[in-house]
Every structure is written in C-alpha cells, then in structure tokens.
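S.K.: requesting a structural model of the entry that follows:
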Amino acid sequence: MYCPACGVRAKEGALACASCALVFSKWKPKAPPPATGSAVVRLDAPYVRSPAAWGALVAGAVILFVLREWLRGAFFFLDGVSLAVHEAGHVVFGLLGSRFVMMAGGTALQLAMPLAFALDFRRRGQPRSSYACLAWVGQNLLNVGRYAADARAQQLPLVGGGEHDWTYLLEAVGLLRRDVQVGAAFDLAGCLLIAWAALSVWERSRPRSAQL
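M.R.: Predicted coordinates:
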C-alpha cells in the first residue's frame, strides 16, 4: 500500500506512514468538486449564457437603435475628446502618403483609441472600466453613423471647412448612393456594442454565487 498523503510505500498492516507519520485510520479523502450547475461565476466568464441573455442583448440594441438620436446627445461630454482624436487621426494617417488612408484615418483613430483603453483595462483586470470604454466605442460608432449618413446632404458643419470625409470615402468605393444605409449600419453596430457593455456590467453586478 502507499501513503495517500505523501505517496511513500508503507508496509502491509502498518498503522501510520513511516515518512509523514500520517495515521491511516484518520485520513479522509478530499470532498469532490461541486456540481457544474452550482459553479461560482468566474471574473472572466462571458455574460451571455442563455437564449434569454441573447434576447435581452438584441432587445436592448433595438431599443437603443430607435432612441439613437437621444443616445448620441447623452454622451455629449465625450464629443470634444472624440473630435480632437478624429482630427489627429487625419494628421497621423496622412503621414502614410495615401489620400484614402488619410481621410479614413480620422474615423479609424476615433474608434481605435477607446478600444485600446478597453483592451488595456481588460489586461489589468478592470472589467467595468473596460466595458465603459467599449460603450465609448459604441458612442463613436453612432457619431460615425451620423457623419456617413450625411455624405450626400452635407448638412453637418465641418471643423475648419474642408472636404467631407465620408463623401470622399463612399464615392471612392462606389457606395455614395447608400450613405444613409451605411450610416444606419454604423448606428446599429454602436447600439449593439453599448447594449453588450451595459449587459456585461449588469451581469458582473449579480451575486458571485449565481448559477451558471
């Protein structure tokens, strides 16, 4: 026989282990792990676990899409920062020498900056801050949607005048006549991302012993 604690072979009939002095009659096996249904929610566990959760996500995104004009204004305190980053994106990507890349660079950096913050917060183990930054990405998508949908009408005021980014971009790829639909696609993506972030925060606020 072998000692269940240290694994050293013991003589037949021995009452205790000669190596670790464990009394065999007092040894109790470890309790089995809990059943899957009662597992504790992990910090990194995804919040979408059931059809009901997916339904809540879709329903939330649809409601936000209907209220997207109000939602755009709700994040007004971020608009100045996002605009500054957008204009900086034109300068940064303009260094690559491509006019198309320069025009797209404003939108690219506007979305990339809060996404980079979200990834960094996730790496640091701060999920709520990460989801807040994802909601910021969603808000930027809503602003991009409004900008893209204005490609033909060109009613939005431009900073310092100049050429309308999305008029050039959509004309370059042959989608200028679809500017409203392209804008709606950005809006929908933004609403989905904001709904995802909100539901994720709600999931993490539930009791940690909740059933999976």
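S.K.: neighbours of residue 74, how many?
M.R.: Applying other Cβ atoms under 10 Å, we find 12 other residues in the vicinity of residue 74. (C-beta placed from N, C-alpha, C; glycine too.)
S.K.: tell me how far it lies from residue 135.
M.R.: With distances defined as Cβ to Cβ, to the nearest Å, the gap from residue 74 to residue 135 amounts to 11 Å.
S.K.: now do residue 26
M.R.: 56 Å.
S.K.: with neighbour numbers in mind, choose between these two.
M.R.: More crowded of residue 26 and residue 135, by other Cβ under 10 Å: residue 135, with 22 against 7.
S.K.: can you pull the pLDDT of the more buried one?
M.R.: Reading off the confidence values, residue 135 has pLDDT 93.
S.K.: so what does the helix or strand containing residue 92 touch, helix or strand wise?
M.R.: Here residue 92 sits within helix 76-94, counting by DSSP states H and E. Here helix 76-94 touches helix 99-123, helix 127-149, going by 3 or more Cβ pairs under 8 Å, 6 or more residues apart in numbering; DSSP states H and E.
S.K.: isn't residue 111 right next to residue 137, touching?
M.R.: Yes: between residue 111 and residue 137 there is a contact at 5.9 Å, judged by Cβ atoms under 8 Å.
S.K.: how about the nearest residue to the residue nearest the centre of the chain, chain neighbours excluded?
M.R.: With distances taken as Cα atoms, centre = their mean, the chain has residue 134 as the residue nearest its mean C-alpha position (4.8 Å). Distances taken as Cβ to Cβ, 6 or more residues apart in numbering put residue 197 closest to residue 134, at 4.4 Å, once the chain neighbours are dropped.
S.K.: give me the residues contacting stretch 150-162.
M.R.: With Cβ atoms under 8 Å, 6 or more residues apart in numbering as the contact definition, stretch 150-162 has outside contacts at 83, 87, 146-147, 164, 166-167, 169-171, 176-177, 179, 182-183.
S.K.: between those residues, which is nearest residue 94?
M.R.: Distance ranking of the contacts of stretch 150-162 against residue 94, using Cβ to Cβ, places residue 87 first at 11.0 Å.
S.K.: give me the number of residues near that closest one?
M.R.: With neighbours defined by other Cβ under 10 Å, the count for residue 87 comes to 15.
S.K.: for the helices and strands packed on helix 76-94, which one sits closest to residue 79?
M.R.: Each of the helices and strands packed on helix 76-94 was scored for nearness to residue 79 using Cβ to Cβ, and the closest is helix 127-149 (7.2 Å).
S.K.: for the protein, give me the ranges with low pLDDT.
M.R.: Residues of the chain meeting the criterion pLDDT under 70: 1, 6-8, 19, 29-50, 160-161, 206-212.
S.K.: one more pass at 80, please.
M.R.: In the predicted model of the chain, residues 1-54, 71, 73-76, 159-162, 203-212 satisfy pLDDT under 80.
S.K.: next up, phi/psi of residue 124, please.
M.R.: The main-chain torsion angles of residue 124 are listed as degrees, to the nearest 10 and equal phi -80, psi 0.
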